[in-house]
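J.: quick one, what's the 3D model for this:
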Amino acid sequence: MSNFTHKKYENFLPNQVAGVLKSLTNTLLTGHQDASTVWTSPDGIERTFLPPDVLSAFKNSNNSGKWHPWYTNFSWDEKLNEHKSSPKLVLCHNLKNTMPGRWCENEIIQAVEEKCPGYTPLLCQIFVWTEGSYIFWHDDSARGRDGAVTIYLNQKWNQFDGGQLCYHPKNKPKTAENMVTVTPAWNTAVFLESGTMHRTTPVIGDKVRTSIQIWLKKKKKILG
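T.: The predicted structure is shown next:
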């Protein structure tokens, strides 16, 4: 079982899977289905990676212009939005809503169970953070939720773009000196155990911050 409360990972997913997730996000935002049939590898070459059956089902699915599989942070608990009357927009999408998303979710489950022993995903989502959006201090406490992993999908992002994750490790006093700050980087992930106080800083400028949010539950112990 897991014996850690927080952890940062580089290259959390196979790069092809992270690429498909980024392309799927572009498809959902633009309505162009072809956007998620390819991913751009680090050498700048566009490659098709989806398995043939998934690719075929995706191309033959309903017209993408009819897809509106997003909900927003306006449905979140009020305490998560400091400006309750008019929070800056965050788009949220459940991966189960599309065939490529379900394929990616299976890949995510394998990565989580390998790298976060003792945990398994409850729900996998795409989050798109627009200019000025952020989330206030909270600890992710919810029934049946034991932790979370966030995977970042922006290929070019630095501290001047905002959108940084800040958290207080559970096993240390909540002081400014102990606060950890993570700048989103391509395919980097952070695991936080439920009860860990954290927030994000506002996104700056006209970029959008894209991430995969994975809610976790602890696996049941098998008694011998």
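J.: for this protein, what are the low-confidence residue spans?
T.: Applying pLDDT under 70 to the chain flags the ranges 1-3, 31-68, 84-85, 222-224.
J.: hey, where'd the strands end up in this structure?
T.: For the chain, the strands defined by DSSP state E cover 6-9, 39-40, 46-47, 71-72, 90-94, 119-129, 147-152, 165-167, 180-182, 189-193, 198-200, 209-218.
J.: those into a markdown table, with extra columns for mean neighbour count and distance to Arg102?
T.: Bear in mind the C-beta positions are built from the backbone N, C-alpha and C, glycine included. Listed next are the strands of the chain as a markdown table, based on neighbours: other CB atoms under 10 Å; distance: least, CB to CB, whole Å:
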| stretch | mean neighbour count | distance to Arg102 |
| --- | --- | --- |
| strand 6-9 | 15 | 23 |
| strand 39-40 | 18 | 17 |
| strand 46-47 | 11 | 21 |
| strand 71-72 | 14 | 18 |
| strand 90-94 | 19 | 10 |
| strand 119-129 | 20 | 9 |
| strand 147-152 | 23 | 17 |
| strand 165-167 | 18 | 27 |
| strand 180-182 | 14 | 28 |
| strand 189-193 | 23 | 20 |
| strand 198-200 | 21 | 27 |
| strand 209-218 | 21 | 14 |
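J.: can these go into a markdown table with extra columns for distance to Leu28?
T.: Output for those, formatted as a markdown table (distance: least, CB to CB, whole Å):
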| stretch | distance to Leu28 |
| --- | --- |
| strand 6-9 | 25 |
| strand 39-40 | 15 |
| strand 46-47 | 19 |
| strand 71-72 | 12 |
| strand 90-94 | 6 |
| strand 119-129 | 7 |
| strand 147-152 | 17 |
| strand 165-167 | 23 |
| strand 180-182 | 25 |
| strand 189-193 | 21 |
| strand 198-200 | 21 |
| strand 209-218 | 11 |
